[in-house]
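A.B. asks: Here's a sequence, model it:
(chains A and B)
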Amino acid sequence: MGDGAAGGGLIELRDLRKSYGRGDGAVQALDGLSLSVPSGTLYGLLGPNGSGKTTTLRILCTLLAPDAGSVRVAGCDAIATPRAVRRLLGYVAQEVAIDKILTGRELLQLQGDLHHLDGRERNRRITELVELLGMGEWIDRRCGGYSGGMRRRLDLASALLHRPRVLVLDEPTVGLDIESRAAIWTVLRQLRNGGTTVLLSSHYLEEVDALADRLAIIERGRVIAEGVPAALKRALGGDRVTLRVREFSDAEEAARVQRLLQACDGVRQVVVNRSQGYSLNLVVEHDGVVEQLRRQLAEAELPVFALAQSRPSLDDVYLQATGRTLMDAELAVAGLRDPKAERKQSMR
Amino acid sequence: MTSANPSLEAQPAEPSALAEISQETLALTKRLFVQLQRRPSTLVAGVLQPLIWLVLFGALFAKAPEGLLPEGMSYGRFLGAGVIVFTAFSGALNAGLPVMFDREFGFLNRLLVAPLRSRSSIVLASVLFITVMSLVQSLAIMATAALLGYGWPGGGGLVLVLVTLLLLVFAVTALSLGLAFALPGHIELIAVIFVANLPLLFASTALAPISFMPTWLGWLAALNPLTFAIEPIRAAYAGQFSLSAVVLDAPYGQLTAASCLGVLAALAVGLFLLIRPLLDRKLT
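C.D. replies: Model (predicted):
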């Protein structure tokens, strides 16, 4: 598609800044975030809770005005012409707000009218989406009785009703059962194959790894890495190896093995992982190095209790870019979130 | 909309604003009526409460002292106008509650990501819903009052009653919607509604005429918007319907039915102008 104006992406976010609160309590949610999402891709935003994913998506969907920066979707300025952008976007928010007393169908009809679909087109779309999302049994029941998975499907249906060019999803599978998660993944892939641009945020590595054509890693309101997952992993080079000489080593032995391994050719970054019983994490440049290692250990009369080798994962990409694993980042902010304040932020 | 984007320019011309605004407003209004149909307790309570007022208060003061009420009017008939107005007033005062819940639960955000032609549709839907509901409740009370033998305003009188109620409902709905966007949550909104409700009733001419009140309360009642709605309706019930008839003998002078309606209209317009900047800020 030829549109998208300068920058080339269907979605162009430039230098977004946003802070919540004032004075000492102010939180810088976005700190110069830029992002370019090419048309027709399934694009993942990966980052721990509190990194600015939701704020980014809320700004994109015109629910929130940035303090500075620009937002363009298919060449339309979201700040100057929000309504044009709203027509292009379908948004599945993280907190699913539904009217419990309406049936799924009634909610979708309302949504269709808010998008000014004519009655026949609206009802045809509802039939299609109910079929696509497997909601037939539930669509005429009140939403109050829906499971989390069914709610999310309803939300997805309501975001897709007007055939948006861009589908935006904020953590679409958090807390869902496996079946619903698989169903949503399938639909997202189908949409992408049909030409819809899909932008989703997630703090699940596997989700982004399994789904995304491209991804951006967000940390503290900035994009710190961006690209095709395979290329990002390849750029790290080498396989990851986790080695245990015994089930439980002590610090002294671990240090000895570390010195031994560091001396080997083709071995990089040997780290002693204290939290996992003094196992050793290292990067090897190619498969031959592992054989070499085994020989060297045998010569030094050291046993090998366990040796695991893996291709670099997105977690390694994250670790490389931020200096900590995504899990550690999650744990670090776990106690800092204030759900009440967050609800206030999203309240108009 | 101007855009250098070819795919957007290729779209047909925008449909008329009126068609789009009515489509979205009707859809939003329909939602409120479906809610009411499935959760009729607000409607039921809204009719029951004034009925209890009418029956119990009417009985309590059935032996009101001679000369309290003008021209030998029965207390039941006197009270009828007050209860009708109070019904419409309480209904409209609750107008902001559904909006507040939509804000709190995030349903409003769902509406705001949709390309609404005008976000006033959200407010308009509430006004339509509350107006219909208040009128239905008021008519139920009027019918009951008629059955109790308190009379029924005929012809032009009925029109006066409806116009008066509409003006009051618009004014109070504006106030309530303004509060729903200004206050932080439903607890605060309910507190305000609770505190405003009864004092406004007692400090009006709903239960007793100004001549019966101490001077200070008479002044309050003569400034209370409810009084400006009650007195024209009471006059319509008395059958002496004329816009130029004096209906309120206030400490500061005599007011005709027309001037009472003028005050209510000014109040409605004033309150809508007052809350508009607030709505603009919250809805854009």
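A.B. asks: Quick one: residues contacting the residue positioned nearest the centre of chain B.
C.D. replies: The centroid of chain B falls nearest to B:Val169 when counting by C-alpha atoms, centre = their mean (2.1 Å). Counting by C-beta atoms under 8 Å, 6 or more residues apart in numbering or on different chains, B:Val169 touches B:Ala88, B:Gly91, B:Ala92, B:Ile130, B:Thr131, B:Ser134, B:Leu135. For the C-beta atoms, the positions are set from N, CA and C on the backbone; glycine is no exception.
A.B. asks: so the fourth one is in which element?
C.D. replies: Here B:Ile130, judged by DSSP states H and E, is contained in helix B:120-147.
A.B. asks: right, is that helix up against chain A?
C.D. replies: No - using C-beta under 8 Å from any C-beta of the partner chain, helix B:120-147 never reaches chain A; the gap is at least 8.6 Å.
A.B. asks: quick one: the helix or strand that comes right after that helix to helix B:120-147, angle?
C.D. replies: Next along the chain after helix B:120-147, taking DSSP H and E as the criterion, comes helix B:156-182. Put simply, helix B:156-182 runs at 140 degrees to helix B:120-147, going by axes from the mean of the first three to the mean of the last three C-alpha atoms, to 10 degrees.
A.B. asks: who wins for neighbours among the contacts of B:Val169?
C.D. replies: B:Ala88 (29 neighbours; other C-beta atoms under 10 Å in any protein chain shown).
A.B. asks: tell me the SS of it?
C.D. replies: Using DSSP: H, G, I helix; E, B strand; the rest coil, the structure places B:Ala88 in helix.
A.B. asks: And A:Thr62, how close does it get to B:Ser90?
C.D. replies: From A:Thr62 across to B:Ser90, the span is 37 Å (C-beta to C-beta, to the nearest Å).
A.B. asks: does residue 216 belong to a helix or a strand, and which?
C.D. replies: I'll assume chain A. Per DSSP H and E: strand A:214-219 holds A:Ala216.
A.B. asks: try chain B instead
C.D. replies: In this assignment (DSSP H and E), B:Trp216 forms part of helix B:215-223.
A.B. asks: Would you mind listing the buried residues in that helix?
C.D. replies: Of the residues in helix B:215-223, B:Gly218, B:Trp219, B:Leu220, B:Ala221, B:Ala222 count as buried by neighbour count, 16 or more other C-beta atoms under 10 Å in any protein chain shown.
A.B. asks: can you check stretch B:270-284 too?
C.D. replies: B:Leu271, B:Phe272, B:Ile275, B:Leu279, B:Lys282, B:Leu283.
A.B. asks: Please see if that stretch touches chain A.
C.D. replies: Yes - interface with chain A: stretch B:270-284 contributes B:Lys282, B:Leu283 (C-beta under 8 Å from any C-beta).
A.B. asks: To what extent is residue 125 buried, counted in neighbours?
C.D. replies: With no chain named, the answer covers chain A. 20.
A.B. asks: oops, chain B please
C.D. replies: Around B:Ala125 there are 23 other residues, counting by other C-beta under 10 Å.
A.B. asks: Quick check: nearest residue in space to it, chain neighbours excluded?
C.D. replies: B:Leu28 (3.5 Å; C-beta to C-beta, 6 or more residues apart in numbering or on different chains).
A.B. asks: quick check, the one you found in a helix?
C.D. replies: Yes - counting by three-state DSSP, B:Leu28 is found in a helix.
A.B. asks: Return the distance of it relative to A:Arg192.
C.D. replies: Counting by C-beta to C-beta, the gap from B:Leu28 to A:Arg192 is 33 Å.
A.B. asks: out of the two, which sits in the busier spot?
C.D. replies: Counted by other C-beta under 10 Å, B:Leu28 and A:Arg192 do not tie: B:Leu28 has more neighbours, with 22 against 19.
A.B. asks: need the contact list for the more buried one.
C.D. replies: A:Leu110, A:Leu114, B:Leu111, B:Ser121, B:Ile122, B:Leu124, B:Ala125.
A.B. asks: From the contact counts, what lies against the strand holding A:Ala216?
C.D. replies: strand A:27-37, strand A:42-46, strand A:222-227, helix A:229-236, helix A:314-322 (3 or more C-beta pairs under 8 Å, 6 or more residues apart in numbering or on different chains; DSSP states H and E).
A.B. asks: who touches the shortest one?
C.D. replies: Meaning strand A:42-46. Counting contacts by C-beta under 8 Å, 6+ apart, the residues outside strand A:42-46 that touch it are A:35, A:37, A:53, A:56-57, A:188-189, A:192, A:197-203, A:205, A:207-208, A:211-218, A:314, A:318, A:326.
A.B. asks: Just the buried subset of those residues, please.
C.D. replies: Buried, going by 16+ other C-beta under 10 Å: A:35, A:37, A:53, A:56-57, A:188, A:192, A:197-203, A:205, A:207-208, A:211-212, A:214-218, A:314, A:318, A:326, out of those.
A.B. asks: Quick check: of the buried residues of helix B:215-223, which lies closest to chain A?
C.D. replies: Nearest to chain A among the buried residues of helix B:215-223: B:Leu220, at 35.9 Å, using C-beta to the nearest C-beta.
A.B. asks: which non-adjacent residue is nearest that closest one?
C.D. replies: B:Ala203 (4.4 Å).
A.B. asks: any idea how far the one you found lies from chain A?
C.D. replies: 34 Å (C-beta to the nearest C-beta, to the nearest Å).
A.B. asks: burial of that residue, as a residue count?
C.D. replies: B:Ala203 - counted by other C-beta under 10 Å - has 21 other residues nearby.
A.B. asks: show me the contacts for residue 117.
C.D. replies: Reading this off chain A. With contact set as C-beta under 8 Å, 6+ apart, A:Leu117 has these partners: A:Arg125, A:Leu161, A:His162.
A.B. asks: I was after chain B.
C.D. replies: B:Arg117 touches A:Arg83, A:His116, B:Ala17, B:Glu20, B:Ile21, B:Glu24, counting by C-beta under 8 Å, 6+ apart.
A.B. asks: how about the residues of chain B near chain A?
C.D. replies: Neighbours of chain A within chain B, by C-beta under 8 Å from any C-beta: B:1, B:3-8, B:15, B:20, B:23-24, B:26-28, B:30-31, B:34-35, B:38-39, B:103-117, B:181, B:282-283.
A.B. asks: buried subset of the residues you listed?
C.D. replies: In the residues of chain B next to chain A, burial by neighbour count holds for B:3, B:5, B:8, B:20, B:23-24, B:27-28, B:30-31, B:34-35, B:103-117, B:181, B:282-283, counting by 16+ other C-beta under 10 Å.
A.B. asks: The one helix or strand B:Val47 maps to vs helix B:120-147, what angle?
C.D. replies: In this structure, B:Val47 is located in helix B:41-52 according to DSSP H and E. For helix B:41-52 against helix B:120-147, the angle by the same axes, to 10 degrees is 30 degrees.
A.B. asks: What is the subsequent helix or strand relative to helix B:41-52?
C.D. replies: Downstream of helix B:41-52 (by DSSP H and E), the next one is helix B:58-60.
A.B. asks: Just the buried positions in that next one, please.
C.D. replies: Neighbour-count burial for helix B:58-60, counted by 16+ other C-beta under 10 Å, picks out B:Gly58.
A.B. asks: Pull up the gap between A:Cys143 and A:Val92, please.
C.D. replies: Relative to A:Val92, and taking C-beta to C-beta, A:Cys143 is found at 15 Å.
A.B. asks: and chain A, which residues reach chain B?
C.D. replies: Residues of chain A lying near chain B (C-beta under 8 Å from any C-beta): A:1-3, A:5, A:61-63, A:74-76, A:81, A:83-84, A:86-87, A:89, A:91, A:93, A:95, A:97-99, A:101-102, A:106, A:109-111, A:113-116, A:158, A:343, A:346-348.
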